[in-house]
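K.L.:
Coordinates for the following, if possible.
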Amino acid sequence: MNKLEKDQLIKLAHAVADVARVETLKYFRISSLTVESKEDILFDPVTIADRRAEKAMRELIELNRPNDGILGEEYPPKIGSTGFTWVLDPIDGTRGYISGTPTWGTLIALNHKGTSIFGIIDQPYINERFSGGFDEKLFSGPFGEKNLGVSKVKELRKAVLFSTYPEIGSKTELEGFKQVAKHCKLTRYGLDCYAYGLLALGHIDVIVEAGLKAYDVQAPIAVIKAAGGNVTNWIGGPAEEGGRVLATCNSQLHSKALNILKLIT
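P.N.:
As a prediction, this is how the structure comes out:
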């Protein structure tokens, strides 16, 4: 792939994030927003903002790259013929979105033959965007732009650990998380995809999650790797399909956390 092709893909990815912003901001913190649940027993919220944002994202991709595949949270997958698949989550953190907290985000990844090669984590309300891949590793916010870069923490005892939920995954997975947490300096919860952006920016050192979908993790994988970090599953393999995910700021810290999580069956 030449530089022109890469630049065109980057430009399109940012444009896709921009059209999602229009829809997600339109409904954020609107008291009349209707919230549905995808499941009858467990509360798995979805809103018109999720659906309209993904629809707008898909339409722009299909206009510019009609032969690429698309995998999103709200609509059936589209099989492509180019080897490229756009992996979309219009609102990662819908629970936060409907609660009015600005820690949700829009996730956009470009996957090529199974590997996430470019990603965007976008938080429209506070106007922050993390993007990485194709030699880009960029943070843009209200006060300008700068390069992403992970922290230099190499010991768990000095590390800040995050996960979305205290009740992570199964009982076995929760135990794995607790085993990592007891070695860390600080454990915090609840930022959804925003935590991955902060890891890429150097403020968080470790993220341990379970039960993720491909659209939850592919954009963070590309962003964190571009920033110099590591993302794998709990046994050190590729994490593009989701499931159990470990993200860290460097290989030394990753190895230490992985040695703990590998013991979980």
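K.L.:
can we go C-alpha only for contacts and neighbour counts from here?
P.N.:
OK.
K.L.:
Quick one: classify the residue of the chain most remote from its centre as helix, strand or coil.
P.N.:
No residue in the chain sits farther from the centre than residue 32, which is 27.8 Å out by Cα atoms, centre = their mean. Applying DSSP: H, G, I helix; E, B strand; the rest coil to residue 32 yields a three-state assignment of coil.
K.L.:
ok, now how distant is it from residue 48?
P.N.:
In this view, residue 32 and residue 48 are 11 Å apart by Cα to Cα, to the nearest Å.
K.L.:
mind checking how far the residue farthest from the centre of the chain is from residue 96?
P.N.:
Taken as Cα to Cα, the span from residue 32 to residue 96 is 16 Å.
K.L.:
repeat for residue 187
P.N.:
19 Å.
K.L.:
for the stretch 1-150 of the chain, what spans make up the strands?
P.N.:
Assigned by DSSP state E, counting those that start in this stretch, the strands in the stretch 1-150 of the chain fall at 35-37, 45-47, 69-72, 84-92, 105-112, 115-123, 128-133, 136-141, 144-147.
K.L.:
Rebuild the ones you listed as JSON lines, extending it with mean pLDDT, distance to residue 197 and mean neighbour count.
P.N.:
Shown next, in JSON lines, are the strands of the stretch 1-150 of the chain (pLDDT from 0 to 100; distance: least, Cα to Cα, whole Å; neighbours: other Cα atoms under 10 Å):
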{"stretch": "strand 35-37", "mean pLDDT": "79", "distance to residue 197": "27", "mean neighbour count": "13"}
{"stretch": "strand 45-47", "mean pLDDT": "83", "distance to residue 197": "23", "mean neighbour count": "18"}
{"stretch": "strand 69-72", "mean pLDDT": "99", "distance to residue 197": "20", "mean neighbour count": "22"}
{"stretch": "strand 84-92", "mean pLDDT": "98", "distance to residue 197": "13", "mean neighbour count": "27"}
{"stretch": "strand 105-112", "mean pLDDT": "99", "distance to residue 197": "10", "mean neighbour count": "27"}
{"stretch": "strand 115-123", "mean pLDDT": "99", "distance to residue 197": "7", "mean neighbour count": "27"}
{"stretch": "strand 128-133", "mean pLDDT": "99", "distance to residue 197": "6", "mean neighbour count": "26"}
{"stretch": "strand 136-141", "mean pLDDT": "98", "distance to residue 197": "9", "mean neighbour count": "20"}
{"stretch": "strand 144-147", "mean pLDDT": "98", "distance to residue 197": "12", "mean neighbour count": "12"}
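K.L.:
out of those strands, which comes closest to residue 182?
P.N.:
strand 84-92 (27.6 Å; Cα to Cα).
K.L.:
who touches that closest one?
P.N.:
With contacts defined as Cα atoms under 8 Å, 6 or more residues apart in numbering, strand 84-92 is touched by 20, 24, 49-51, 53-54, 68-73, 97, 104-113, 192-193, 214-216, 218-219.
K.L.:
what sits against the residue nearest the centre of the chain?
P.N.:
Nearest residue to the geometric centre of the chain (Cα atoms, centre = their mean): residue 220, 3.9 Å. Neighbour list for residue 220: 107, 119-121, 193, 196-197 [criterion: Cα under 8 Å, 6+ apart].
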